[in-house]
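Asker: Pasting the sequence and the predicted coordinates here, then a few questions.
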Amino acid sequence: MLSNIFLKSLRDQRKSLLYWGIGLIAMAVIMAFVYPTIKNMPSINQYLSELPESVKEMFGLGIIDYGTPTGYFGTELFSFMVPLLLLVFGIGFGANAIAGDEEKGTLGFLLTNPVPRWRVVMDKFGVLIISMILLGFLFWAGLAICIMGLGIDLSLSKLAEATLGAVALALVFSALSFLVGCIKGNKGMTMGIASGLAVLTYLLNTLGGMVSGLKDYRFLSPFYHYMEPNALANGLSLAHILVLLGLVIVFFAFSIPAFIRRDISI
Amino acid sequence: MSNSETIINTTKLTKYYGKQLGIEDVDLEVKRGEVFGYLGANGAGKTTTIRTLLDFIRPTSGLATVFDLDIRQSSVDIHRRTGYLNGELALWENMTGEDLLKYLGNLRGGLDWKYVRELAARFECDLPRRIQGLSMGNKQKLGLLQAFMHKPELLILDEPTNGLDPLMQHQFYDLLSETKKEGRTVFLSSHILPEVEKVCDRVGIIRQGKLVTVETIETLKSHSVRKLEIHFAGTVPRDKFSNVPGVRDIVVQDNLLTCTVVGSLDALVKAAAQFEVVNIVSHEPTLEEIFLTYYNEGKKYVK
């Protein structure tokens, strides 16, 4: 684990990945085990269906139906909790990778060695991608095992597609956080900008569903491209996922020259 | 390789942080095999110079080469051939010293571990311990180890003896003189003057971002300030000396005159010769005094 920057950075994440992985799996397990009970409570479904449309939009719920697994898991997990947790992890990771290490001084120390700056950016970004995919996989695997064990009628491949969508969404803001860190090595500012934009674009998407003037701008929000296909029911839509991945690639592409050009504080 | 080969060369190297001056028009030349001391107070620009040479920060204007390689274009090659110790050492706290050196060794494409162990033994490094638990001095020893472990041609050391106990300082001085004997080059920044006096061949003094002077230790001492006591047979009038060029801080007490002299003693000796001189006591100036003179007076006394 000490033979290059990629492996060393992955090694530095092992504890964090372990705890986040356990958290995500625990969430999946609890939600799965509660489902059979909820399904058989008609009062909840009635209550939910009677919520005003605007409230449903606000929570990004669209059609809520706890009577079907797709409705239940889509609402409980994929409309908010999974993307939120992945976003928190990813934005924190993105901010720490360059800006955080720079503030600690260890990034400068690393760069005293014969390693080019682009290599540091590439390796750290690679660890970000791998970590996100790993967390997504752990969550998916945890939920998949429960679903099979409990005999819940939910397509595992659709579940994988929905998880992948959430990972892609979180990667957009993680990559943004990473990029801001490369432009300016200030961790607080980096996290602020990335999470601020996440909140704003989230609101743009949900409010856009209610306010007619905003409707035409919803496409600007990554959340729109995540939510719109309703991947748990319909699978991913290629166009929407490409938008998200395109943003990730653009942010990464700008990270390298941004970091190469500037002064590093050590 | 000849001894006159230039290892570090800067031409009008200038760095502004926004509007704030880092260094300005620094012209430096360090030759192979030299131990070059870079002296200055905190904030004078020592670290700015070093960080520019190692391409952490980019010069506003001016040029610099290390090993005749451009610092911007060839920074990775320069790093490969250089050992660097940062003044504000920040290591990965969650590793052991051993793992740290392994990792750095891998980044350098391998190490002579026999030599690393030898160095670790000399500096009594506790390699299996996690860095988190190490004292500042023990971290500094690891910092020295990683700078020296790949036997680099050039060592750039920013305040290297920070936190080292006297015994370890001696180890370090020994290591420096071995390094010099092997024809390798050392660029050492410090504000600890006896240290520089002890180990350096030449000294550059930097003040408020400007290189005030570069001299050999001997020259620096010879045309700089020294304290002088002249014992006369009888009392002498103060005003006979107050206009002698280069003489300052004159105190006359009965038949004893004390003063400080800048540069040549000739004028003072001739003035004193009008009276019967019993004894002249010259105090060899410490680098501290030289240093303070340059600091207080700026360029005024540089030849």
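Answerer: That came through, no problem.

Asker: Which residue is the nearest non-sequential neighbour of residue A:90?
Answerer: residue A:174 (3.1 Å; CB to CB, 6 or more residues apart in numbering or on different chains). For every residue, glycine as well, the C-beta is placed using N, CA and C.

Asker: which residues does the one you found contact?
Answerer: Each residue near residue A:174 by CB atoms under 8 Å, 6 or more residues apart in numbering or on different chains is listed here: A:87, A:90, A:91, A:93, A:94, A:128, A:132, A:194.

Asker: Try it again at 6 Å.
Answerer: By CB atoms under 6 Å, 6 or more residues apart in numbering or on different chains, residue A:174 lies in contact with A:90, A:91, A:94, A:128.

Asker: Could you do residue B:34 as well?
Answerer: Applying CB under 6 Å, 6+ apart to residue B:34 gives the contacts B:185, B:201.

Asker: For residue A:125, see how far away the residue in the stretch 201-303 of chain B positioned nearest to chain A is.
Answerer: Across the stretch 201-303 of chain B, no residue is closer to chain A than residue B:209, which sits at 16.1 Å (CB to the nearest CB). Residue B:209 is 37 Å from residue A:125, where distance means CB to CB, to the nearest Å.

Asker: Kindly report the same for residue A:17.
Answerer: 16 Å.

Asker: out of these two, which sits in the busier spot?
Answerer: Between residue A:17 and residue A:125, residue A:125 has the larger neighbour count (other CB atoms under 10 Å in any protein chain shown), namely 25 against 19.

Asker: and residue 124, how many neighbours?
Answerer: Just going to use chain A. Residue A:124 - counted by other CB under 10 Å - has 26 other residues nearby.

Asker: should've been chain B
Answerer: Neighbour tally, residue B:124, other CB under 10 Å: 11.

Asker: just residue A:187 next, same as before
Answerer: Residues within reach of residue A:187, counting by other CB under 10 Å, total 22.

Asker: The residue of the stretch 201-303 of chain B closest to chain A reaches residue B:24, doesn't it?
Answerer: Yes - using CB atoms under 6 Å, residue B:209 is in contact with residue B:24, at 4.9 Å.

Asker: who has more neighbours, these two?
Answerer: Each of residue B:209 and residue B:24 has its neighbours counted (other CB under 10 Å); residue B:209 has more, 21 against 18.

Asker: What distance do you get for that one to residue A:49?
Answerer: 72 Å.

Asker: Shouldn't residue B:215 be within a helix?
Answerer: No - per DSSP: H, G, I helix; E, B strand; the rest coil, residue B:215 lies outside any helix segment and is strand.

Asker: Any idea which residue of chain A lies closest to chain B?
Answerer: Closest to chain B within chain A is residue A:105: 2.7 Å, counting by CB to the nearest CB.

Asker: one step back: how far away is the residue of the stretch 201-303 of chain B closest to chain A from residue A:208?
Answerer: Residue B:209 is 54 Å from residue A:208, where distance means CB to CB.

Asker: Most neighbours among the contacts of residue A:174, which one?
Answerer: In terms of neighbours by other CB under 10 Å, the contacts of residue A:174 top out with residue A:94 at 31 neighbours.

Asker: That one and residue A:178 touch, don't they?
Answerer: Yes - using CB under 6 Å, residue A:94 makes contact with residue A:178 at a distance of 3.8 Å.

Asker: and residue A:43, how many neighbours?
Answerer: Residue A:43: 7 neighbours (other CB under 10 Å).

Asker: Show me which residues of the stretch 51-200 of chain A sit near chain B.
Answerer: Counting by CB under 6 Å from any CB of the partner chain, the stretch 51-200 of chain A comes close to chain B at A:104, A:105, A:106, A:109, A:112, A:113, A:114, A:115, A:116.

Asker: can we see that at 7 Å?
Answerer: A:104, A:105, A:106, A:108, A:109, A:111, A:112, A:113, A:114, A:115, A:116 (CB under 7 Å from any CB of the partner chain).

Asker: Just list the residues touching the spatially closest residue to the last one that is not a sequence neighbour, thanks.
Answerer: By the measure of CB to CB, 6+ apart, the closest residue to residue A:116 outside its immediate chain neighbours is residue B:76, 5.2 Å from it. Listed by CB atoms under 7 Å, 6 or more residues apart in numbering or on different chains, the contact set of residue B:76 reads A:114, A:115, A:116.

Asker: go on, residue A:125?
Answerer: Residue A:125 sits in contact with A:178, A:252, A:255, where contact means CB under 7 Å, 6+ apart.

Asker: So which of these belong to helices?
Answerer: A:178, A:252, A:255 (DSSP state H).

Asker: burial measure for the first one, as a count.
Answerer: Residue A:178 is flanked by 32 other residues according to other CB under 10 Å.

Asker: pretty sure it contacts residue A:128?
Answerer: Yes - the pair residue A:178 / residue A:128 is scored as a contact, 6.4 Å apart, by CB atoms under 7 Å.

Asker: Give the intersection of the neighbour lists for these two.
Answerer: Joint contacts of residue A:178 and residue A:128 (CB under 7 Å, 6+ apart) are A:94, A:97.

Asker: Tell me what the closest residue in space to residue B:265 that isn't next to it in sequence is bridged to.
Answerer: Closest residue to residue B:265 apart from its sequence neighbours, by CB to CB, 6+ apart: residue B:228 at 7.3 Å. In this entry, residue B:228 is beta-bridged to residue B:259, residue B:282, by DSSP bridges.

Asker: What is the burial count for residue A:186?
Answerer: 18.

Asker: One more: the one 10 residues further on?
Answerer: Around residue A:196 sit 10 other residues, with neighbours defined as other CB under 10 Å.

Asker: Show which residue of chain A lies farthest from the average position.
Answerer: residue A:114 (33.8 Å; CA atoms, centre = their mean).

Asker: Strands of the stretch 201-303 of chain B, start to end?
Answerer: With DSSP state E, counting those that start in this stretch, the ranges of strands along the stretch 201-303 of chain B come out as B:202-207, B:210-216, B:225-232, B:247-253, B:256-262, B:277-283.

Asker: Looking at those strands, spot the one closest to residue B:47.
Answerer: Checking the strands of the stretch 201-303 of chain B against residue B:47 by CB to CB gives strand B:202-207 as the closest, at 10.3 Å.

Asker: Next, the angle strand B:210-216 makes with the closest one.
Answerer: Calculated by axes from the mean of the first three to the mean of the last three CA atoms, to 10 degrees, strand B:202-207 forms an angle of 160 degrees with strand B:210-216.

Asker: Strand B:202-207 - what's its average pLDDT?
Answerer: What strand B:202-207 shows for mean pLDDT is 90.

Asker: where in the chain is pLDDT low?
Answerer: Since no chain was named, I'll use chain A. Within chain A, the stretches with pLDDT under 70 are A:56-64, A:266.

Asker: The chain in question should be chain B.
Answerer: For chain B (pLDDT under 70), the answer is B:1-3, B:221-224, B:284-303.

Asker: Which residues of it lie near chain A?
Answerer: Residues of chain B lying near chain A by CB under 7 Å from any CB: B:51, B:54, B:56-58, B:76, B:79-80, B:84, B:86, B:88, B:90-92, B:99, B:102-104, B:106-108.

Asker: Just the buried residues from those, in ChimeraX please.
Answerer: Applying 16 or more other CB atoms under 10 Å in any protein chain shown to the residues of chain B next to chain A leaves a buried subset, and the ChimeraX line that selects it is:
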select /B:51,54,56,57,76,79,80,84,86,90,91,92,99,102,103,104,106,107,108
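
Asker: Among the residues of chain B next to chain A, which are located in helices?
Answerer: Per DSSP H, the residues of chain B next to chain A map to helices at B:51, B:76, B:79, B:80, B:99, B:102, B:103, B:104, B:106, B:107.

Asker: Appreciated, that's everything.
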